[in-house]
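Enquirer: model this:
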Amino acid sequence: MCPTWEQAEELLLDALKCNPGPWGSHSRTAARCAENIARAAGMDAGKAYVPGLMHDIGRKFGARHMGHISDGFRYMMQLGYDEAAKICLTHSFNNQRMDEYIGKQDVSEAELELIRSGLESAEYDDYDRLIQLCDALAGAEGVLDMEERMNDVERRYGGYPEPKRETNRRLRSYFEEKTGRDIYDICEKDTFRPENER
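Expert: The predicted model follows:
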């Protein structure tokens, strides 16, 4: 289960009051990309938009790296939104491998085990894959070139695992095959700006 569109918007606005930052615009960009790609692929656009908006909701609880994953997962589960909770977990691990996480492992042993066990039991579907792709496309200022975004992340964090990079490229190809269109055209790369949303 996921929140409705209206509930997700309210959850994001509330989260941004707790921890303001560019992550909100990033989330809006990811959600818009997910909605557009899903529609073009014959998937449920609404079912894609909401998890796109919620994937980083764990940032509500402060500036954490890996911690935002466990925070988001627990928060969505507490609210009864198990599908959104799953996306909070899977969006950072497109190969279901803990060693490919980019950023600090600022989590307790209990949080680490929560993430590890969640990944081991998760069965990825096209919505998980779609949010992973959109996370790699979404910037706070709009849709970015995926290669440039991955290079920027590598510069900021000192590395970007090649298997994760290759999976992002495969995800792009996969959804381009499903839609028969260029991902950047579908996502309105040159025109979409998150500040124009709600």
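Enquirer: Just name the shakiest helix or strand of the chain by mean pLDDT.
Expert: helix 146-157 (a mean of 90; mean pLDDT, DSSP states H and E).
Enquirer: List the buried residues of the next helix or strand after that one.
Expert: For helix 146-157, the following helix or strand on the C-terminal side (DSSP states H and E) is helix 162-179. Neighbour counts over helix 162-179 (16 or more other Cβ atoms under 10 Å) mark Lys164, Arg165, Thr167, Asn168, Leu171, Arg172, Tyr174, Phe175, Glu176, Lys178, Thr179 as buried. Placement of C-beta: from N, CA and C, glycine included.
Enquirer: which residues are in contact with helix 162-179?
Expert: Helix 162-179 is contacted from outside by 37, 40-42, 94-95, 97, 100, 102, 129-130, 132-133, 136, 146, 150, 182-183, 186, using Cβ atoms under 8 Å, 6 or more residues apart in numbering.
Enquirer: before we move on, back to that, if you count neighbours, what's buried in the least confident helix or strand of the chain?
Expert: Neighbour counts over helix 146-157 (16+ other Cβ under 10 Å) mark Met146, Arg149, Met150, Val153 as buried.
Enquirer: in the protein, what spans have low per-residue confidence?
Expert: 196-198 (pLDDT under 70).
Enquirer: how does it look with 80?
Expert: By pLDDT under 80, the low-scoring segments of the chain are 195-198.
Enquirer: where exactly do the helices run in it?
Expert: Under the criterion DSSP state H, helices of the chain are mapped to 5-18, 23-41, 45-54, 67-78, 82-90, 109-121, 126-137, 146-157, 162-179, 183-186.
Enquirer: quick revisit: quick one: the buried residues of helix 146-157 as JSON lines, columns for distance to Ile57 too.
Expert: Listed next are those as JSON lines, based on distance: Cβ to Cβ, whole Å:
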{"residue": "Met146", "distance to Ile57": "23"}
{"residue": "Arg149", "distance to Ile57": "21"}
{"residue": "Met150", "distance to Ile57": "23"}
{"residue": "Val153", "distance to Ile57": "20"}
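Enquirer: who touches stretch 189-198?
Expert: Residues from elsewhere that reach stretch 189-198, judged by Cβ under 8 Å, 6+ apart: 9, 25-26, 28-29, 32, 140-145, 184.
Enquirer: nearest to Ala85, of those?
Expert: Each of those was scored against Ala85 by Cβ to Cβ, and Glu9 proved nearest at 18.1 Å.
Enquirer: and the closest one, how many neighbours?
Expert: Look at Glu9: counted by other Cβ atoms under 10 Å, it has 17 neighbours.
Enquirer: again, but for Ser121
Expert: By the measure other Cβ under 10 Å, the count of residues near Ser121 is 9.
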